[in-house]
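*Asks:* Sharing a model prediction with you, sequence too.
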Amino acid sequence: MKFSNNDIKLTQNKQLLPNFVNKSFSNNSATKIINVSNSPVSSILHDTLAGMNSDDESDAFYVCDLAQVELQFHRFKKLLPRVIPFFAMKCNPDENVIKTLINLGAGFDCASKNELQTILNLGVSPSSIIYANPCKQASHVRYAAKNEVSLMTFDNADELHKIKAIFPTAKLVLRILADDSRSLCKFGVKFGASLSDVSMLLQVAKSLELDVVGISFHVGSGCYDASAFSDAVLLAKEAFDIGEKLGFNFELLDGNFQNLIDKLILLVGGGFPGYGAEGVSFEQIALKLGPVIDACFPPHVKIIAEPGRYFVSNAFTLAVNICSRRKIKVSDCDATKEFRYYINDGMYGSFNCITFDHYKPIPKILKAKKNFYYQKNEKLLEELYSSSIWGPTCDSMDVIATNYLLPELEIGDWLYFDSMGAYTSAAGSVFNGFMKPRIFYTNTLH
């Protein structure tokens, strides 16, 4: 789509536009975050272990430092000042994380009625929510309509007919298919309209008198090439241009043609890495993404993103207890030992991220032989053995790590795993009766 000074005019119907506000909560006071200390993570880990006097209390637990969420938010706004972050709550729907982001002024990316309800019940304005599921259950669309959550995505004609029947005043964002071949988790196999389908879909929307306000894409999660983001923006620009060639111009509203260019939206998806993650950094992505956005789209186009893991991965530390141990001789003529350690969280709980998110958690010693080792540089001056770590369930697939070199540990010792905030407890189950770990909160900035 081409823009000129003459084209850029403010609509007289601003009440019909998504209202991007500085704060995403509608009440006058900040959302209260409860049960939060300001102690260092190391102190909480140490004191929690010290307070466990019986085996019945040796359950796995998290320590969440909400300061990491705040720091990531400010980092995002500094490096991509034009982009409004809408937290993808599927990544970690923890209430204190959400409240922290509400108070910072983030928007929210929801994919279901329950997620919408959770956010709305916390006082978030409907205008600060995008219903970013291209294929939605009809009853969930009705809930969105009833609660005035108007901004939502689509990628097929059947979805347009559904929305026309249920929520004809919705503000629609067409999700196009981006190249996600450079990501670990690819979404293009499920969502996204190819560029060749854009013309047809916009014509269907126009014939139904539906209001299409923008284009979205997602390069996939775990992206390891920053240029995937800039390439996708160029593709989105082509989609905007297709609309102009059709005479569509995204100007159809309630059957009347009006110039509503100031409300156009570009949704640049998620896939932003957490702090310190391997591979491409957020800084590298921002250096690619920011300039191409400015080159392709004028300031009147609203730019939003859907970061998830970016905010939360580094905020959560998981502590687990070694419940059982097996010592294995490699062979009858070889005295070398191999150890199998069984801990009280696993693949059906926090470590589902191994299967669903391609994460490779690294076990570290938290407490062994009554000594506390969290983030200590000193090495255990002991012989190291090949070790594997298993979850607590009766499923043989419940294996967390293999072929790790660890000193000989004992039943009752503790391990910890850094960067366990993304796609961990969110998809965890209580399979075999093992409960999800409790969470202790701190904010080391306050």
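*Replies:* Looks like it came in fine.

*Asks:* neighbours around Lys146, how many?
*Replies:* 9 (other Cβ atoms under 10 Å). C-beta coordinates here come from the backbone N, C-alpha and C atoms, glycine included.

*Asks:* Distance of it relative to Ile102?
*Replies:* Note on Lys146: its distance to Ile102, by Cβ to Cβ, to the nearest Å, is 22 Å.

*Asks:* And for His358?
*Replies:* On the measure of Cβ to Cβ, His358 and Ile102 end up 30 Å apart.

*Asks:* So for the two, which sits in the more crowded spot?
*Replies:* Ile102 (25 against 13).

*Asks:* Make sure that one is indeed in a strand.
*Replies:* No - counting by DSSP: H, G, I helix; E, B strand; the rest coil, one finds Ile102 to be helix, located in no strand.

*Asks:* Contact partners for the residue nearest to Asn92 when sequence neighbours are not counted?
*Replies:* Distances taken as Cβ to Cβ, 6 or more residues apart in numbering put Val312 closest to Asn92, at 4.5 Å, once the chain neighbours are dropped. If a contact means Cβ atoms under 8 Å, 6 or more residues apart in numbering, then Val312 has Gln68, Val69, Cys91, Asn92, Asp94, Val97, Gly274, Gly421, Ala422 as its contacts.

*Asks:* and the helix or strand harbouring Val312, how far from the chain's centre?
*Replies:* Using DSSP states H and E, Val312 falls within helix 309-312. Centroid separation for helix 309-312 versus its chain: 6 Å, with Cα atoms, centre = their mean, to the nearest Å.

*Asks:* now stretch 361-379
*Replies:* 29 Å.

*Asks:* and which of the contacts of Val312 is nearest to Val212?
*Replies:* Minimum distance to Val212 across the contacts of Val312 is 27.2 Å, recorded for Cys91 (Cβ to Cβ).

*Asks:* Report the contact partners of that closest one.
*Replies:* Cys91 neighbours (Cβ under 8 Å, 6+ apart): Gly308, Arg309, Phe311, Val312, Ala422, Tyr423, Ala426.

*Asks:* Return the residues in contact with Tyr374.
*Replies:* Val41, Ser42, Leu45, His46, Leu366, Tyr416.

*Asks:* should've said Ile343
*Replies:* For Ile343, the contact set (Cβ under 8 Å, 6+ apart) comprises Ala60, Val320, Asn321, Ile322, Cys323, Ile389, Trp390, Gly391, Pro392, Ile400, Leu415.

*Asks:* Quick check: phi and psi at it.
*Replies:* phi -110, psi 170 (degrees, to the nearest 10).

*Asks:* Tell me how far it lies from Ala305.
*Replies:* In terms of Cβ to Cβ, Ile343 sits 36 Å off from Ala305.

*Asks:* can you give me the helices for the stretch 251-400 of the chain?
*Replies:* Assigned by DSSP state H, counting those that start in this stretch, the helices in the stretch 251-400 of the chain fall at 282-296, 309-312, 353-356.

*Asks:* same question, the stretch 101-250 of the chain
*Replies:* Counting by DSSP H, counting those that start in this stretch, the helices of the stretch 101-250 of the chain are 113-121, 138-146, 157-166, 195-207, 227-245.

*Asks:* To Ala132, which of the helices of the stretch 251-400 of the chain lies closest?
*Replies:* Set against Ala132 and scored by Cβ to Cβ, these come closest in helix 309-312, at 15.7 Å.

*Asks:* Please identify the buried residues of that closest one?
*Replies:* For helix 309-312, the neighbour count (16 or more other Cβ atoms under 10 Å) marks Arg309, Tyr310, Phe311, Val312 as buried.

*Asks:* before we move on, what about stretch 104-121?
*Replies:* Judged by neighbour count using 16+ other Cβ under 10 Å, the buried positions of stretch 104-121 are 104-113, 115-116, 118-120.

*Asks:* ok, Glu383 - how many residues close by?
*Replies:* A count of neighbours around Glu383, defined by other Cβ under 10 Å, yields 10.

*Asks:* so it touches Glu408, yeah?
*Replies:* Yes - Glu383 is within contact range of Glu408, at 7.5 Å (criterion: Cβ atoms under 8 Å).

*Asks:* Neighbouring strands - and their directions - for the longest strand belonging to the chain?
*Replies:* In the chain, taking DSSP state E as the definition, the longest strand is strand 316-331. In the sheet, strand 316-331 lines up against strand 61-65 (antiparallel), strand 334-343 (antiparallel), strand 414-417 (antiparallel) (DSSP bridges).

*Asks:* Mind checking those strands for the one nearest to Phe282?
*Replies:* When the strands paired with strand 316-331 are compared by Cβ to Cβ, strand 61-65 sits nearest Phe282, at 18.3 Å.
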